[in-house]
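In: next come a sequence and a model predicted from it.
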Amino acid sequence: MAGQILRVLCPDSAWIFGPITHILRMSHDPHLPASAPRGAIEPHVPLLQQPPAGQLLYKVMSVENCICSIEGGYLHLNRVDSYRDFPGADHHDGEQLLADRDGNAAVAFAKAPGFSLAQYYDQSRSRTYAFCASLENSDYIWSYGNGTPKGNIGVVFDFDKLRATLNRSLESDGTALEYNGIRCRQIFDLNYGVVQYIDWTRYRANETRLPNPILYTYMKDQGLFSKERELRISLSALGIGKFVLDDRAETDFPAHLHLGFDWKAAFADGTICEVTSGPRCDQDFLCAELRRLGVELRAA
């Protein structure tokens, strides 16, 4: 499935789509599948640090990627174990901590003794996607997307409004997951949280209790990444069993996921507060493309 992108289709996004035609199913035994549970909205909020009310988010991206996102009507999420395509990428993003792995490997599931907790965490990681932004508009984040021909821009989101918009979209009964052109039940849990920065090689999260896998999604190495001051939005599927379609064909989880998002509405209702041009931004191209797409920017 090279180049395949998962899509979460939301009724109030720019996409037009038909009814759900498949229900993803899961089981350790693909011959006896059970219906996969529908994804939940913020099921792990008690475990994750939340920003204060009124928090702004700063997302720096290339002009080209921003235009594609607006035109396609989506937020782009990366599978957390796939961050290897740019200098300084976190190859351990979402991974169980180094000091935790041996202890996790020694624990198995009672009903699946051949499947260890370490395998569960690895499989959860391979089914988790993230949209990343910063809590502050620092010089550090402006290196992102700066190497493209049209330069980069910073999109400023009102986090409270963004959160409400995404929750409302995914709570809808009409939300669907598109897999390889097939519309299925939406299986991803939606969470938000501020990243915790720790010593990745020494810190232990499993010393007193076994952590929920979502915690690893929100931990990064302090020495390497603390300047990011990151808040991330995650979509994650269960890390046990296999997901299969009605015809028993097993699904996989490609490196990218597009979450339906109406950028025009976000500009209009203040979910997007501002767009700031980077020093190499081709502003003539940007303004021409935004006019073509019918997007009006408020003056910064």
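Out: Yes, it's here.

In: all contacts plus neighbour counts: C-alpha atoms, from now on.
Out: Will do.

In: let me see the ranges of the helices in this protein.
Out: 63-72, 101-105, 117-125, 159-171, 214-217, 222-225, 263-269, 283-292 (DSSP state H).

In: export these as JSON lines, with columns for distance to residue 245, mean pLDDT and mean neighbour count.
Out: Shown next, in JSON lines, are the helices of the chain (distance: least, Cα to Cα, whole Å; pLDDT from 0 to 100; neighbours: other Cα atoms under 10 Å):
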{"stretch": "helix 63-72", "distance to residue 245": "26", "mean pLDDT": "97", "mean neighbour count": "18"}
{"stretch": "helix 101-105", "distance to residue 245": "30", "mean pLDDT": "98", "mean neighbour count": "15"}
{"stretch": "helix 117-125", "distance to residue 245": "19", "mean pLDDT": "98", "mean neighbour count": "21"}
{"stretch": "helix 159-171", "distance to residue 245": "21", "mean pLDDT": "97", "mean neighbour count": "17"}
{"stretch": "helix 214-217", "distance to residue 245": "25", "mean pLDDT": "98", "mean neighbour count": "22"}
{"stretch": "helix 222-225", "distance to residue 245": "39", "mean pLDDT": "97", "mean neighbour count": "14"}
{"stretch": "helix 263-269", "distance to residue 245": "31", "mean pLDDT": "95", "mean neighbour count": "17"}
{"stretch": "helix 283-292", "distance to residue 245": "39", "mean pLDDT": "95", "mean neighbour count": "14"}
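
In: residue 87: which of these is closest?
Out: Minimum separation from residue 87 across the helices of the chain (Cα to Cα) falls at helix 222-225, 12.4 Å.

In: hmm, back to that, now render the helices of the chain as CSV, adding distance to residue 197.
Out: As requested, these are exported to CSV (distance: least, Cα to Cα, whole Å):
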stretch, distance to residue 197
helix 63-72, 28
helix 101-105, 18
helix 117-125, 18
helix 159-171, 21
helix 214-217, 11
helix 222-225, 4
helix 263-269, 30
helix 283-292, 35
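
In: what's the closest of the ones you listed to residue 147?
Out: The nearest among the helices of the chain, by Cα to Cα, is helix 63-72 at 10.6 Å.

In: for residue 133, which of the helices of the chain is the nearest?
Out: helix 159-171 (10.2 Å).

In: check the gap between residue 254 and residue 270 for me.
Out: 32 Å (Cα to Cα, to the nearest Å).

In: between those two, who's got more neighbours?
Out: residue 254 (19 against 15; other Cα atoms under 10 Å).

In: surely that one touches residue 79?
Out: Yes: Residue 254 lies in contact with residue 79 (Cα atoms under 8 Å); the separation is 7.5 Å.

In: quick one, what contacts the residue nearest the centre of the chain?
Out: In the chain, the C-alpha nearest the mean C-alpha coordinate belongs to residue 130, at 2.2 Å (Cα atoms, centre = their mean). Each residue near residue 130 by Cα atoms under 8 Å, 6 or more residues apart in numbering is listed here: 77-80, 232-235.

In: so what's the closest residue to residue 126 other than its chain neighbours up against?
Out: Nearest non-adjacent residue to residue 126, counting by Cα to Cα, 6 or more residues apart in numbering: residue 81, 6.2 Å away. With contacts defined as Cα under 8 Å, 6+ apart, residue 81 is in contact with 91-95, 125-126.
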